[in-house]
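Engineer: no sequence for this one, just the structure:
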């Protein structure tokens, strides 16, 4: 049995009331892995996000300033100190070159290795460098990125990295393409609380519905929409409710024949109650394990 289409209140001119989400259907939906999801070896799709182009550009600009301003200060000090020292021009050039390489190549590599893919700029935007498979980047990746970053970030003032990242879906720069890494956005927005209860018309549906496949990011978008709904224009709320309901219907089974906004409320309440019950169950299991975890083996040392 095919799934009935969702009526669009924005196209029919009707309000959100009376626009059904879909009829109940027992057919199983095949959910594909999204572009921003990482499929592990256990066939578990992790909801990860690459850092956006603007955020990555902002973090790169901060890092450029962090490593360049001290270099300018040291070179200025060299300009005042070296003329007074009895050294030839070749030695002075070698000293300036070594200092430049230290601040623009060695220092970024050391910082990235010690912080496991982070830097001051990435901390500011909430990102971290990881491998393409989601694992932690190592020394080899940091060296490749650092050597290429000398040219594409520092020497070219970020223009090469800017152009390459702009043309890449994951905002990778040239060093990432060669090293097999990308910038992963790790700063998750705080969950938006909402005080909705299960709608009466969905009481029976809630006893058999399955919302476990709903992605976390989509769940946060639904919660944010419900929290802002009382302050939103009714026409805009109806359109957003329809779009979110159509997207969430792929992960919910069975589908109730209700208004899209009511459907979103039911899904959000079920997801909230399920997560709360899971947290309570985990706490009870940990409390039962506490005596065994804290007790000494065989009464040691009192026997």
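Structural biologist: Looks like it arrived, so ask away. Keep in mind that this is a model prediction, so the values were computed, not measured.
Engineer: so residue 232 versus residue 243, what's the distance?
Structural biologist: 13 Å (Cβ to Cβ, to the nearest Å). Just so you know, the C-beta spots here come from the backbone N, C-alpha and C atoms, and that holds for glycine as well.
Engineer: now do residue 108
Structural biologist: 42 Å.
Engineer: of those two, give the one with the bigger neighbour count.
Structural biologist: More crowded of residue 108 and residue 243, by other Cβ atoms under 10 Å: residue 108, with 23 against 16.
Engineer: not counting its neighbours along the chain, what's nearest that one?
Structural biologist: Of all residues not flanking residue 108 in the chain, residue 146 sits nearest, at 5.1 Å (Cβ to Cβ, 6 or more residues apart in numbering).
Engineer: neighbours around that neighbour, how many?
Structural biologist: Residues within reach of residue 146, counting by other Cβ under 10 Å, total 22.
Engineer: what's the answer for residue 142, then?
Structural biologist: For residue 142, the tally of surrounding residues (other Cβ under 10 Å) stands at 24.
Engineer: that one contacts residue 109, doesn't it?
Structural biologist: Yes: applying Cβ atoms under 8 Å as the test, residue 142 and residue 109 come out as touching, 4.8 Å apart.
Engineer: common neighbours of the two, please.
Structural biologist: Both residue 142 and residue 109 lack any common contact, where contact means Cβ atoms under 8 Å, 6 or more residues apart in numbering.
Engineer: relative to residue 120, how far out is residue 198?
Structural biologist: 46 Å.
Engineer: same check, this time on residue 213
Structural biologist: 38 Å.
Engineer: check which helix or strand the residue nearest to residue 82 when sequence neighbours are not counted maps to.
Structural biologist: Leaving aside its chain neighbours, residue 82 sits nearest to residue 92 (5.0 Å; criterion: Cβ to Cβ, 6+ apart). Residue 92 belongs to helix 89-101 when assigned by DSSP states H and E.
Engineer: can you name every helix or strand that that helix contacts?
Structural biologist: Counting contacts by 3 or more Cβ pairs under 8 Å, 6 or more residues apart in numbering; DSSP states H and E, helix 89-101 is packed against helix 53-81.
Engineer: next, the buried residues of the helix it packs on.
Structural biologist: 55-64, 66-67, 71 (16 or more other Cβ atoms under 10 Å).
Engineer: what is the nearest of those residues to residue 96?
Structural biologist: residue 71 (10.0 Å; Cβ to Cβ).
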